[in-house]
Structures are given as structure tokens and as C-alpha cells.
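Asks: can't give you the sequence, but here's the structure:
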């Protein structure tokens, strides 16, 4: 049994073992964290999954009124910390932008995440922040991808950003992956909300690598059911190739029909029968 929760609306999903509890979608539940149980919203009710998943944290049960009051207090404290941080940043005239704020009430610690074009000397800012919000303050500078993950948003596909919903780690993505998927190498087309290459370029890349090893290369001469020609295009999702015929025109056919090993296999193990082209016997009835 697996369930999914989110600490913020449309935020990252965290998967739990429901244990003996059966929350419904929209219910507030307790999630075990390093700083104690935190309140989250159930966005995926417990259900069976086919995979054997182990090591999931177990749901600590439904949130009580006391937990909800504490969560609301922490929410107001985070909003207060964000407001004070922005005001003091303008006062110190620092090139910083506040991205997110976390508050650990058990330790009375604020973690403020920010972006900046370069390294910033914020020692004076930290002292003023600690006096202003009466808590210990930790400032952490993040990059463009972490900024998109913390802020959230909508990707070019029209869905919520992968990094803000389910991605845990950022895997390296290169322009070569876009080229091997026959995508236009245009920053406006292959860049995400963070300005970096889209993480989803990594998803189907292994499929394209395997397909290109199996399919005939661009420019190679092949024999098709419509005659010989030259490969001018490959469509991996449909497993077809586009061939410019020597006799003129183009045709689109399955890659297996122009693959030499496949043709040799069919010729060796499935030779045409000599009577296949013979006319049918006359009907004596």
C-alpha cells in the first residue's frame, strides 16, 4: 500500500506507507521528518501498487487540531520571515532575491533560500535578520534549477514542473540528447522555466539511442518494398524511416522492412514457396 502527500498545494509529492491509516484525498495527515511530524495534505489515497516498494516512511496518522494550529502558526512565521528578509535586503542594497523560507519551530531556526548573480557578503544582513525575527537565521544561495523547484510553475508541456512535483535529483542533460532526438537545437524550444535544458530530455534518450543503433543511418542506401532508395528521415516513436526512392518520390515504411539483417533473416528462414505465384487449380465442380 502506497499513498502520496504534499506539503504545499500542487507541490512536490512524497510517498508514504499508510500503515493502519486510510486517509482520503484532501485529509491532513502527519508525515515524519527530521524535525518531527509535519502536517501535509493527502493527494493520493492509499492503494495497492504492483511494484515491491520498501523503505517508505510510515504515515503518523491524521493531524489533530493541535497539529493544525501549530502548522498555521509556522505558516504565519514563514510569511513574516519572508517579509522582513525582503525589507532588510532592500535596506542593505544587496542583489538578492528571496526564493523560499523554511521555519523549524523546534529549534527556532529560519532557513532562507535566495538567488544572486554572484557571491554576496550577507554577514550584516544575517545579524539584522536574527534581531528582526528573533530567531537563528541560515541563508542559502541556490541555482536556477533549485529556484524553479522551490517556486514551481508550468512547463512548455502545460503540466506542473517535474522538479517541483516528483524529481528528487537533477541528472545531467546535454545538447547531444536533443540532437539525437531530432529536436531543434533552439534554446527557446529545449529550455525549461529555469533557463537550463529541460530535464525531460533525459526520459526518452535511452530509447532513441537503442533505436538509432538498430535503424539504418541517415544517408544509407536501402531496399524498400517500393524499390531502392536513400534514408532521409527516422521516426523513432512510430519505428519508421522515410526513404527517398531512386525512381522518384518518397515512402515511409517500417524500419524492419529496410533493415538488412531482417531481410537476410526472412530470405534464409522464410523463403518464398515455388507455388506461391502459381495460379489456383481450376474448379471441376
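Replies: Happy to help now that I have it. These numbers come from a predicted model, not from an experiment. Numbers count the residues shown, from 1 in each chain.
Asks: Would you mark the buried spots in stretch 110-126?
Replies: Using 16 or more other Cβ atoms under 10 Å as the burial criterion, the residues of stretch 110-126 that qualify are 110-115, 120, 122, 125. C-beta coordinates here come from the backbone N, C-alpha and C atoms, glycine included.
Asks: How about residues contacting that stretch?
Replies: For stretch 110-126, contacts defined as Cβ atoms under 8 Å, 6 or more residues apart in numbering pick out 81-82, 85, 88-89, 92, 94-104, 129, 133, 135-144, 146-147, 150.
Asks: the helices in this structure, which residues?
Replies: 65-92, 123-133, 144-151, 162-165, 175-180, 187-190, 205-214, 255-258, 260-269 (DSSP state H).
Asks: ok, residues contacting the third one?
Replies: This points to helix 144-151. 12, 99-100, 113, 115, 142, 161, 163-164, 167, 170, 192-196.
Asks: And those residues, which of them are buried?
Replies: Those of the contacts of helix 144-151 that meet the buried threshold are 12, 99-100, 113, 115, 142, 161, 163-164, 167, 192-194, 196, by 16+ other Cβ under 10 Å.
Asks: tally of neighbours for residue 130?
Replies: 13 (other Cβ atoms under 10 Å).
Asks: Please disregard the earlier target; I meant residue 43.
Replies: 17.
Asks: repeat for residue 28
Replies: 16.
Asks: ok, it touching residue 41?
Replies: Yes. Contact criterion Cβ atoms under 8 Å: residue 28 and residue 41 qualify, at 6.1 Å.
Asks: And the average pLDDT for stretch 71-85 is what?
Replies: Averaging pLDDT along stretch 71-85 gives 92.
Asks: what comes up buried for that stretch?
Replies: Residues of stretch 71-85 classed as buried: 71, 74, 77-78, 81-82, 84-85 (neighbour count, 16+ other Cβ under 10 Å).
Asks: any idea which of those residues is closest to residue 155?
Replies: Distance to residue 155, by Cβ to Cβ, is smallest for residue 82 among those, at 25.2 Å.
Asks: hey, what's the closest residue to that closest one other than its chain neighbours bridged with?
Replies: Computed as Cβ to Cβ, 6 or more residues apart in numbering, the closest residue to residue 82 that is not its neighbour in sequence is residue 101, at 4.8 Å. Bridge pairing for residue 101 (DSSP bridges) gives the partners residue 112.
Asks: still on that earlier bit, pick out the most distant pair among the contacts of helix 144-151.
Replies: Of all pairs in those, the most separated under Cβ to Cβ is 12 and 195 at 20.4 Å.
Asks: quick revisit: from the contacts of stretch 110-126, list just the buried residues.
Replies: By 16+ other Cβ under 10 Å, the contacts of stretch 110-126 give 81-82, 85, 88-89, 94, 96, 98-104, 129, 133, 135, 137, 139, 142, 146-147, 150 as buried.
Asks: re earlier: I'd like the helices of the chain as CSV, with distance to residue 18 appended.
Replies: Below are the helices of the chain laid out as CSV (distance: least, Cβ to Cβ, whole Å):
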stretch, distance to residue 18
helix 65-92, 17
helix 123-133, 37
helix 144-151, 26
helix 162-165, 20
helix 175-180, 38
helix 187-190, 39
helix 205-214, 33
helix 255-258, 46
helix 260-269, 49
